[in-house]
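my questions are about this predicted structure, shown below with the sequence.
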Amino acid sequence: MPEGHTIHRLARRHNSLLRGEPLRASSPQGRFVAGAALIDGRQLVRAQGYGKHLLYEIEGALTLHVHLGLYGTFNELPQPALPPVGQVRLRWEGSQVCCDLRGPTVCELLERDSVRRLVRRLGPDPLRRGADPERAWAALQSRRVPIAAALLDQTVLAGVGNVYRAELLFLHGIEPTLPARELGRTDFDALWSSAVTLLRAGVRSGRIVTTDPADRERRGSARPDDAHYVYRRTGLPCRRCATPIQRAEMAGRNLYWCPRCQAA
DNA sequence: GGCTTATGCGCAG
DNA sequence: TGCGCCTAAGCCA
């Protein structure tokens, strides 16, 4: 479930599991054999999340860059690990744990310059200390695309995905088709601040929950489908006004919104 | 067990 | 704009 919160959670996890000892690296699937050979036997200096990208600084100047895309996952196995089952792109092992990476969009080694270029291309990540919302604000000013499209653009804002975008727009009553450049400064500030809060909560819990705890309590349930206001709730009554939630495709992704709470 | 769907994104055309 | 990646969860039988 890879939006920014998943990535930062993995970075933390891998820092605590894999740092401090030489790691064995291999590519059972065969698509990362040369790369694995280059990092085999080296230590992990630090893992960090940047938007939806995972960057693993390896002892000796190389950085392992992983992007999970839609399908990518890491699995942890205790040592001694059983032989890999299925398509494991990278098996990375310490003495205690083994981490198997499957189905990533990107798994590659980068030199320092390429890492810099990658990071420069990304907008501010609300999960990173010192992230500068002014950069996101400036980027929005120059865009005519709908705000709902701009929020998924990783050069504007890094780490927000399809679930967070739908929920953020709902929480602030913003019409998804509003041109990005017409978003008011007050709404932007509120949006940024919610993004920080919700993504951080996601890192802590490992899932995306945007509904107010008081709301959930009032409905007397902690059903898993209570976690969102609009995402994947097509046709169901809005939790605030009971109007049926709408769905439409925008730039190839499903967009969900409440036509009443998010009217112009 | 099979089928559908998906939280992303680069690329061909 | 549509495809490919090729995993995993949720649903149904």
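That came through fine.

just the endpoints, please. Distance across stretch A:126-146?
21 Å (C-alpha to C-alpha, to the nearest Å).

who's in contact with it?
A:4-5, A:8, A:49-50, A:123-125, A:147, A:150, A:153, A:155-157, A:159-160, A:176-181, A:183, A:185, A:188-189, A:192, A:195-196, A:199-200, A:203, A:250 (C-beta atoms under 8 Å, 6 or more residues apart in numbering). In this view, the C-beta of every residue, glycine as well, is placed from N, C-alpha and C.

mind giving me the PyMOL command for buried ones among those residues?
Provided next is the PyMOL selection string for whichever of those are buried by 16 or more other C-beta atoms under 10 Å:
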select buried, chain A and resi 4+5+8+49+50+123+124+125+147+150+153+156+157+159+160+176+177+178+180+183+188+192+195+199+203+250
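
tell me where the stretch 151-264 of chain A has helices.
Counting by DSSP state H, counting those that start in this stretch, the stretch 151-264 of chain A has helices at residues A:162-171, A:185-205, A:213-218.

what average pLDDT does the last one get?
So that's helix A:213-218. Helix A:213-218 shows a mean pLDDT of 63.

then the second one?
Regarding helix A:185-205, the rounded mean pLDDT is 95.

just checking it against DNA strand C, any contact.
No - Helix A:185-205 is not in contact with DNA strand C by C-beta under 7 Å from any atom of the strand; minimum separation 14.3 Å.

just checking, what packs against that helix?
helix A:4-18, helix A:133-141, helix A:162-171 (3 or more C-beta pairs under 8 Å, 6 or more residues apart in numbering; DSSP states H and E).

what residues does chain A put near DNA strand C?
Near DNA strand C, when you scan chain A using C-beta under 7 Å from any atom of the strand, you find A:31, A:69-73, A:75, A:86-87, A:89, A:102-103, A:105, A:224, A:251-252.

for A:Leu110, find the nearest of the helices of the stretch 151-264 of chain A.
For the helices of the stretch 151-264 of chain A, the distance to A:Leu110 is smallest for helix A:185-205, at 24.1 Å, taking C-beta to C-beta.

hey, C-alpha coordinates of that closest one in CSV?
C-alpha atoms of helix A:185-205 as CSV (Å, rounded to 0.1, in the frame of the first residue of the first chain):
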residue,chain,number,x,y,z
ARG,A,185,-3.8,30.5,0.2
THR,A,186,-5.9,29.7,3.3
ASP,A,187,-7.1,26.5,1.7
PHE,A,188,-3.6,25.6,0.7
ASP,A,189,-2.2,26.1,4.2
ALA,A,190,-5.0,23.9,5.7
LEU,A,191,-4.3,21.3,3.0
TRP,A,192,-0.6,21.2,3.7
SER,A,193,-1.1,21.0,7.4
SER,A,194,-3.6,18.1,7.1
ALA,A,195,-1.2,16.3,4.8
VAL,A,196,1.5,16.5,7.4
THR,A,197,-0.9,15.3,10.2
LEU,A,198,-2.5,12.5,8.2
LEU,A,199,0.7,11.2,6.6
ARG,A,200,2.4,11.1,10.0
ALA,A,201,-0.5,9.2,11.5
GLY,A,202,-0.1,6.8,8.5
VAL,A,203,3.5,6.2,9.3
ARG,A,204,2.6,5.4,12.9
SER,A,205,-0.3,3.0,12.2
